[in-house]
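Asks: Give me a model of this one.
(2 chains)
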Amino acid sequence: MKKFEYIYTDGDHKWAVIARDPEKKSYIIDTNEYLIFKSDEIILTDPGGTEIFPTVFTSISMEANPANIKYLFASHQDPDIISSLSLWLEVNPKLKCYISNLWSTFLPHFGGNDQTLLPITDDGMDLNFNGLDLKVIPAHYLHSSGNFHLYDPKARIYFSGDVGASLLPNPGESKLFVDDFDFVIKHAKGFHQRWMGSNRAKTEWLDRISKLKIDYLCPQHGQIYTGEDINRFLNWFKDLKVGITQ
Amino acid sequence: MNDVIDISTFNTIGFDVIIYINELIKKIDELSFNVRLRALNSLISAKKNNRNEFSGFSAISFELIHFSDKLEKKAFELRVIIHDILLLSTNQKKYFKKLLLIQKPLFYIQDMDNSIKEKFQLIKIMYDENLKNFEHVDNEVNKDISQLTKKIKEIFLLCRAGKVIAVRGKIEAAYITENKKQYTQLAEDVMNFLTQTENNINKIHEKIGKK
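Replies: Numbering: from 1, shown residues only, chains lettered A, B, ... in the order given. A predicted model of the protein is given here:
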């Protein structure tokens, strides 16, 4: 079973992560799902694939009411991110999904229709969620060609999708937060070199987020970066040549 | 090739029902915790006053604490069952979706030549595998729902017993001269919590009946 853990609480404004399932099948990539709570409503980021829907749904249900999930935020179009769309739409047929407009005619292959999707244009946007101001930050070609991250300036939490991802051995048993940076980065290197398609896009992204105050860098795979490890990761990423096969 | 069953007519437990029952069970959990708190408060208050008129209320408070142990244990068992139902029923929906997709081409070829059917053998294998999974999970869900029905009946009976203790608490509170209202209120709070629990139990029972 995936575990549900709050990583930020301030009254009715909270962030939680669903992660670390020791029973996950080894042939499915491990993922983190994040929930943003404001008042009674929830945004669920990168909700996951069909295969893990039962464990994500159950984990959320134990701590919150899944009927309160009003929005999905899909960083991009991959199956491990959003193939469970049709199942989530059964939970709440009025659910809306934020996604790059590049994928707005692709996502309905997973479920939903043109009314389900809230397409985001390339420049990103400001997203007001029950009075909470979130920023949708462009991160194209890292790795998907239509790709966005989500930043909460108040909580100083940055959801970074595949950027920062590490593919750890025994992911179901690993800790939630980075406590051995060198170990984590060893398992992040191959992924970033192969998957991140453009050094130019990487540089532009780094420049974009250098202006942001971040306390938690939350990737979709692997451990969450906090404190000094955030700058360590950003500096490491800056020096890494990407877009190469081994 | 065996006949393909049209699964679109199959029933699976709706998300709205699962979520509704789960939310009610969370409330029962909370209420059972509140009963324990009240029981502890009443015991502490009664023990502070080392006079004869409080001895009856103290005894009732002890009974209430033992009762709240049982109630919390039952509430926990309920949470374990609903957790299982959540996991199983969502797995069931996953297989159901796969089956709906897979069965379409199989229906088209059902009345065709064997030589054509043979080409679709792999899809039929996938269909049979998912159908087996679906039926297995369906059985497990039904078993869990029977367990749930049994447990909620047990909690209902427990609430009745708890209310009897609470009524006796009110009677004992009548003999207390100092801060009588406080002790009466403690007993009434327990009565209210147990009534709310009974109401939630009835709502769950109704929803399960409609499944």
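
Asks: Please identify the residues of chain A in proximity to chain B?
Replies: A:1, A:50-51, A:53-55, A:57-58, A:61-62, A:65-67, A:86-87, A:90-91 (CB under 8 Å from any CB of the partner chain). Every C-beta, even on glycine, is put in place using the N, C-alpha and C of the backbone.

Asks: Now list the buried members of those residues.
Replies: Buried members of the residues of chain A next to chain B, scored by 16 or more other CB atoms under 10 Å in any protein chain shown, are A:1, A:50-51, A:53-55, A:57-58, A:61, A:66-67, A:86-87, A:90-91.

Asks: which ones among the residues you listed are found in helices?
Replies: Judged by DSSP state H, the subset of these located in helices is A:53-55, A:57-58, A:61, A:86-87, A:90-91.

Asks: between those, which is nearest B:Leu157?
Replies: Ranked by distance to B:Leu157 (CB to CB), these are led by A:Ser61 at 27.1 Å.

Asks: What number of residues are in the vicinity of the spatially closest residue to A:Asn68 that is not a sequence neighbour?
Replies: Closest residue to A:Asn68 apart from its sequence neighbours, by CB to CB, 6 or more residues apart in numbering or on different chains: A:Ile42 at 5.0 Å. Neighbour count for A:Ile42, taken as other CB atoms under 10 Å in any protein chain shown: 22.

Asks: Just list whatever residues bridge to A:Ile42.
Replies: In this entry, A:Ile42 is beta-bridged to A:Phe37, A:Ile69, by DSSP bridges.

Asks: Tell me who's in contact with it.
Replies: A:35-36, A:64, A:68-71 (CB atoms under 8 Å, 6 or more residues apart in numbering or on different chains).

Asks: If we use 6 Å, what do you get?
Replies: By CB atoms under 6 Å, 6 or more residues apart in numbering or on different chains, A:Ile42 lies in contact with A:35, A:68-69.

Asks: pretty sure A:Lys14 belongs to a strand, no?
Replies: Yes - assignment of A:Lys14 by DSSP: H, G, I helix; E, B strand; the rest coil places it within a strand.

Asks: so how far is chain B from the closest residue to it other than its chain neighbours?
Replies: In this structure, A:Lys14 finds its nearest non-sequential neighbour in A:Phe37, 4.1 Å apart by CB to CB, 6+ apart. Separation of A:Phe37 from chain B (CB to the nearest CB, to the nearest Å) stands at 16 Å.

Asks: do A:Phe110 as well
Replies: Look at A:Phe110 and chain B: by CB to the nearest CB, they are 11 Å apart.

Asks: can I assume A:Phe57 is in contact with B:Thr90?
Replies: Yes - using CB atoms under 6 Å, A:Phe57 makes contact with B:Thr90 at a distance of 5.0 Å.

Asks: For the helix or strand A:Glu5 falls within, name the packing helices and strands.
Replies: Here A:Glu5, judged by DSSP states H and E, is contained in strand A:3-10. On a contact count with 3 or more CB pairs under 6 Å, 6 or more residues apart in numbering or on different chains; DSSP states H and E, strand A:3-10 meets strand A:13-19.

Asks: strands paired with the strand it packs on, and their directions?
Replies: When DSSP bridges is applied, strand A:13-19 pairs with strand A:3-10 (antiparallel), strand A:33-38 (antiparallel).

Asks: For it, which outside residues touch it?
Replies: When contacts are defined by CB under 6 Å, 6+ apart, strand A:13-19 is touched by residues A:2, A:4-8, A:32-38, A:56, A:59, A:155, A:157.

Asks: Ok, stretch A:179-197 next?
Replies: Contacts for stretch A:179-197 (CB under 6 Å, 6+ apart): A:141-143, A:165-168, A:178, A:202, A:223, A:229, A:232, A:236, A:240, A:242-244.

Asks: now that stretch, how far from the centre of its chain.
Replies: 17 Å (CA atoms, centre = their mean, to the nearest Å).

Asks: Buried residues, it. List them.
Replies: Within stretch A:179-197, the residues that count as buried by 16+ other CB under 10 Å are A:181, A:184-185, A:187-188, A:191-192, A:196-197.

Asks: Make TSV out of the ones in helices among the buried ones among the residues of chain A next to chain B and add distance to B:Leu131 and pLDDT.
Replies: Converted to TSV, these look like this (distance: CB to CB, whole Å; pLDDT from 0 to 100):
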residue	distance to B:Leu131	pLDDT
A:Phe53	19	94
A:Pro54	18	93
A:Thr55	22	93
A:Phe57	22	95
A:Thr58	23	94
A:Ser61	27	94
A:Ser86	19	94
A:Leu87	19	94
A:Glu90	20	92
A:Val91	24	94
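
Asks: and A:Leu127, how many neighbours does it have?
Replies: 19.

Asks: To clarify, my last question referred to B:Met191.
Replies: Residues lying near B:Met191 (other CB under 10 Å) number 17.

Asks: Lowest mean pLDDT among the helices and strands of chain B, which one is it?
Replies: helix B:114-119 (a mean of 80; mean pLDDT, DSSP states H and E).

Asks: Now do whichever helix or strand comes after that helix: which elements does it pack against?
Replies: Once the chain leaves helix B:114-119, the next helix or strand it forms, by DSSP H and E, is helix B:121-173. Under the contact criterion of 3+ CB pairs under 6 Å, 6+ apart, helix B:121-173 touches helix B:55-109, helix B:180-210.
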